[in-house]
Structures are given as C-alpha cells and as structure tokens.
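Peer 1: Next comes the sequence, and after it the predicted model I'd like to discuss.
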Amino acid sequence: MDIQFNKNEDLNKQEWDLVKSRLEKIYKGGGEKSAAKQKEKGKLLARERIDYLRDDGSSWIEIGAFAGYEMYDDQGGCVAGGVVAGIGYVQGRQCVIVANDATVKAGAWFPITGKKNLRAQEIAMENRLPIIYLVDSAGVYLPMQDEIFPDKEHFGRMFRNNAHMSAMGITQIAAVMGSCVAGGAYLPIMSDEALIVEGNGSIFLAGSYLVKAAIGEDIDNETLGGALTQTEISGVIDDKFPNDQACLDRIKFIMNKLGDYEKAGFDRITAKSPVKKMEEIWGVLPADKAKPYKTIEVIERLVDNSEFEQYKEGYGKTIICGYARIDGWAVGIVANNRELVKSKKGEMQFGGVIYSDSADKAARFIMNCNQKKIPLVFLQDVTGFMVGSRSEHGGIIKDGAKMVMAQSNSTVPKFTIIMGNSYGAGNYAMCGKAYDPRLIVAWPGAKIAVMGGEQAAKTLLQIEKASLKSKGLEITPEAEKELLDKITQRYEKQTTTYYAAARLWVDAIINPMDTRTWISMGIEAANHARLVKGAEKGALFLTF
C-alpha cells in the first residue's frame, strides 16, 4: 500500500470515529438524570425495550439516529427526534420498530419527530413489513405546535397511515408503556393489537388537568385512562401487563403467530464475502472528496466474491453500470466513476461528472434491471451534469432527463449509498431522497448540496457584490475576503453529512463496512411486497 492509501485510511477512519463518538452521546438519549427517573418508575428505556424485543444476535439497522441533530438548541435539543426507529427481527420476522424515548422531553413530538415517525411508516408500507409501536409520549411539543400539527406531512398523517396500513393488511402492534395523550391516543387504537403496562401506561384524549379546565371534573389520570380503566371498563385496550418485559413478551408471542407473505421473487443464492478486503475501502476512498479514484475498486470490495460484470464498459465511462450479488442477492449497480477517462471520441472526461453518453447508458441499464426484476443500487459520488456550450449543444438536458425518467419510473426497489459528493441534478439522477429509494445512507464525510462549497460561495459573493454595487457601494479586498470566508463557512456547514442526517435527507450515516448489511436487509424487506407493474404505477417507459 502506498503513502496516499495510508493517509486516506487514517483520515477516513478519523471521520468515522467522530461519527461513533457522536452516536454514543445520542444513544444516551436525554441523559443520565432523565434515564434514572424512568428507571425509578420500573420502566425500561427505549433502546432497552427494543433490545429485549429483538431476536438475540440478530441484525438491526437504525433509521434517523441523527434526526434533529443541532436543530433545536434554542429549545434544549431533541436527541434523535425523541424516538428510536429501525428495521430488525422479532421471532424471525423482519419488522419495523418505533419506540418513543421518554428521556427526551418526555417523548414529546417535535417537527422532526413527526418526520421520523412518518419515515418509519413509509418503510413499513413500501415493504409491507409489520410495524411495532412502543408508545411513551407526552404528545405534541406545544411551543412548536404550528410546525407539527396541521399540515399534510405533520402529526395527523400518522393516523391516516395507520388506516392505510390496516387496509393493506400490514400488521400493526402497539404497546402503551407510558403516557399516550390527545391525538396520539389514536395510534394504538388504530393498530391491530393494543397492549398496556399497568401503573405506567395511560391513554386518554385529555389528561386530568385539561379535563378539569374544560368541564370542571376532578379525576386522576389512572382512573381516567389507566390500564384497568381502558381494559376492563372502556375496552379500548386489549390486554394489560404488570411490567415492560411481560408486555414485550406478548408482542413476541403475537409475532410468532404471523402467517407468511407473498414474495416479490428477487433472486438470492448463498452469499460469499468479497475476495478483496472491505477494510481497504478506507484507503481507496480519498479523504479529500475532490480527488479522483477508481470507483471499480470500491465496488469490488462490496460485492460477493468481488465479481462484477460491467454493462457497456467502453461507453459512457463516467458512470459504471453492471451486475453483481450482495449477500447473495442479485443487484444492478449504477455508480459514478471518479476516474479521469477518455470518451468514445478520445476526449478527456472528468470523473464524477455525468455526460450525455453516461446518462444514456445508465437509463438503458436501469430499464434492463426492471425488465429482469433486479433491485438497483446507486453508489453516489457525483458533482453534477457536464455544463458548457459543447454539452448544451449535444443535448445534455435531454439525456439527463432520460436518466431521471428511467429511475423515477423504476418499479424495482432502489437503494442509495452516498459515498462522497452528491451535488445538484446529479443527486436527482442518482436516486436522491426525492426519488424514493427504499433506503438511503451516507458514508462519513459525504457532502450533499446544490453545488460544491467553493463554487457556491463564489457565486453568492458575486451576487452580494452586485447588490452592493447597485447601491453605489464598493467592497474592499479585505472585506471581500472576510465575506467570502463567512459565506463559505455557512455553506459548508449545510453540506455536511450531519446536516443532512439531522433533517432525514439520509436515513443514517453508516460505517462503509456495514453497507452490505444495509443493502441485504433492504432487499429482504422489499421482497415482502410484490412489484407493482409500470402500468399500475402509472409509469411511462420510453424507448430511447
């Protein structure tokens, strides 16, 4: 290995160490004091509940751990959005699990909490996975109610999704393990099974204080909506249990009795590890995201037996397309090639840039994978489409539109890994969040923005200078540099992986070594739901 490889390895691992240290803090939720208060009530913490529920030694992928990161500092923060969510296994059945974290603002719903819960439901609905809700929440965070209550993708959408999942035949199990108030009370009652923990669990449309204020009735919360009331008097809840463990045991019992599902039929054989060491990805991937590298070297360290069959290898070289297997699953891979390459006309092309020929190639490959019912994996490290007169005259917009149309109308499941850069329309063409990847994750140090920080800062500076000039003002070189530095700093912060993960533009920041697990579990989940044909979906496939 050369010096640059070792340098890349060290710097990339440092990036992951930073992610790990931040995750360790996130996993503590609202902190030790808040955790101690929950323990005094005899409750398990949110992550303990999930660990108890999941099969021992089984895989778990967490969605949105960084949700809300550095977003609500003026409100005291909202660690992980006050909820833990992910895909795991209960009694051998793959399912989605969502658990309110009562150590974070008593599990109250911030705007990002709603977005994260809706994302979990979306995953369950797309893949027809059973979903388990472990409810322990004080309801909507009132100081921000206008950002969580009334809009289409706000709090109420969750109950609409409950109804739709019921109609789709997706099993929903809810356990009231703490507070469950106001509109939030509809979630467990619109589920197929509703359970409650005695002493800690309570469910009502209005708590005792609000009842007193509204109608003048004096009553305590336990009598109003505790376990005894809601199981034996109202019949709202199905069964009550003495503690968290007993309640979670009942969920395991229910999951153990679920029937099988109709498979989508994606092809899988016995998995093989890559021949080339996955650990070498740390050294292959440049720490400086502007530098070129051989993307094929990354692919060969992700796929089974390091076997990758390229499609149109000699054409459209700034995108690599081809067939492989990941953990035994057949996949089609679309990856940005970061090498400086020669086009079919002998012209040099920049790595990571999408040219007309590479867009055309990718569009055709995506349609081929749909024809063969092969899931698609997008490996993003893209700086955008090629610009300039030659590209415009050559129809880059038309060819880019073909690629966007092909992947937008794709009916096979798509999975997106942001390895490095994800800029501009390249993000769209390579199946960014707006294009419905079943899962989308980023490696440490990835960047997501409309354009690179340096270009954006210089563009914004020119706009600012023009504005000042229109007012008859001039800017000194010193002031110009200061302004440029300020713009660059602000813009660069908005391009970081953490900024994206906080807003759920990506589902997680992951260790590259876990990429195969995410893709494999994602395809396994997708295999629960039959493919919707293009005509049913409203898709329009063009012959280019």
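Peer 2: Happy to help now that I have it.
Peer 1: how long is stretch 40-47 end to end?
Peer 2: Using CA to CA, to the nearest Å, one end of stretch 40-47 lies 17 Å from the other.
Peer 1: any idea how far Arg93 is from the closest residue to Ala85 other than its chain neighbours?
Peer 2: In space, and not counting its chain neighbours, Ala85 is closest to Ala120: 4.3 Å by CB to CB, 6 or more residues apart in numbering. Backbone N, C-alpha and C define where each C-beta goes, glycine included. Plainly put, Ala120 is 16 Å away from Arg93 if you go by CB to CB, to the nearest Å.
Peer 1: so Glu480 sits right up against Glu464, yeah?
Peer 2: No. At 9.2 Å, Glu480 does not count as touching Glu464 under the criterion of CB atoms under 8 Å.
Peer 1: Who are the packing partners of the host helix or strand of the residue nearest to Ala85?
Peer 2: Using DSSP states H and E, the element containing Ala120 is helix 111-127. Applying 3 or more CB pairs under 8 Å, 6 or more residues apart in numbering; DSSP states H and E, one finds that helix 111-127 contacts strand 61-63, strand 83-90, strand 93-100, strand 131-137, helix 157-168, helix 515-526.
Peer 1: and if we set it to 7 Å?
Peer 2: strand 83-90, strand 93-100, helix 157-168 (3 or more CB pairs under 7 Å, 6 or more residues apart in numbering; DSSP states H and E).
Peer 1: Next SSE downstream of the helix or strand where Ala457 lies?
Peer 2: For Ala457, the enclosing helix or strand under DSSP H and E is helix 453-470. Counting by DSSP H and E, the next helix or strand C-terminal to helix 453-470 is helix 477-495.
Peer 1: Show me which positions of that next one end up buried.
Peer 2: By neighbour count on 16 or more other CB atoms under 10 Å, the buried set for helix 477-495 is 483-484, 487-488, 491-492, 495.
Peer 1: can you give me the helices for the stretch 101-250 of the chain?
Peer 2: 111-127, 157-168, 186-189, 208-215, 221-225, 227-228, 244-255 (DSSP state H, counting those that start in this stretch).
Peer 1: swap in the stretch 301-450 of the chain?
Peer 2: Under DSSP H, counting those that start in this stretch, the stretch 301-450 of the chain gives helices at 356-372, 389-393, 396-408, 424-429.
Peer 1: Show me what counts as buried in the second one.
Peer 2: For helix 389-393, a neighbour-count test (16+ other CB under 10 Å) marks Ser391 as buried.
Peer 1: avg pLDDT for it?
Peer 2: Taken as a whole, helix 389-393 has an average pLDDT of 73.
Peer 1: How far does that helix sit from its chain's centre?
Peer 2: 36 Å (CA atoms, centre = their mean, to the nearest Å).
Peer 1: Need the contact partners of that helix.
Peer 2: Ser356 (CB atoms under 7 Å, 6 or more residues apart in numbering).
Peer 1: now do the third one
Peer 2: Contact with helix 396-408 is made by 354, 356, 359-360, 362-363, 366-367, 385-386, 414, 425, 428-429, 431, 435, 542, 544, as judged by CB under 7 Å, 6+ apart.
Peer 1: Can you check what angle separates that helix from helix 356-372?
Peer 2: 20 degrees (axes from the mean of the first three to the mean of the last three CA atoms, to 10 degrees).
Peer 1: Would you reformat the helices and strands packed on helix 111-127 as JSON lines and include distance to Gly283 and mean pLDDT?
Peer 2: Formatted as JSON lines, the helices and strands packed on helix 111-127 follow (distance: least, CB to CB, whole Å; pLDDT from 0 to 100):
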{"stretch": "strand 83-90", "distance to Gly283": "30", "mean pLDDT": "98"}
{"stretch": "strand 93-100", "distance to Gly283": "34", "mean pLDDT": "98"}
{"stretch": "helix 157-168", "distance to Gly283": "44", "mean pLDDT": "94"}
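Peer 1: ok so, going back, can you tell me which of the helices of the stretch 101-250 of the chain the model trusts least?
Peer 2: Comparing the helices of the stretch 101-250 of the chain on mean pLDDT, the least confident stretch is helix 208-215, scoring a mean of 83.
Peer 1: now what about that helix, what contacts it?
Peer 2: 206, 217-221, 224.
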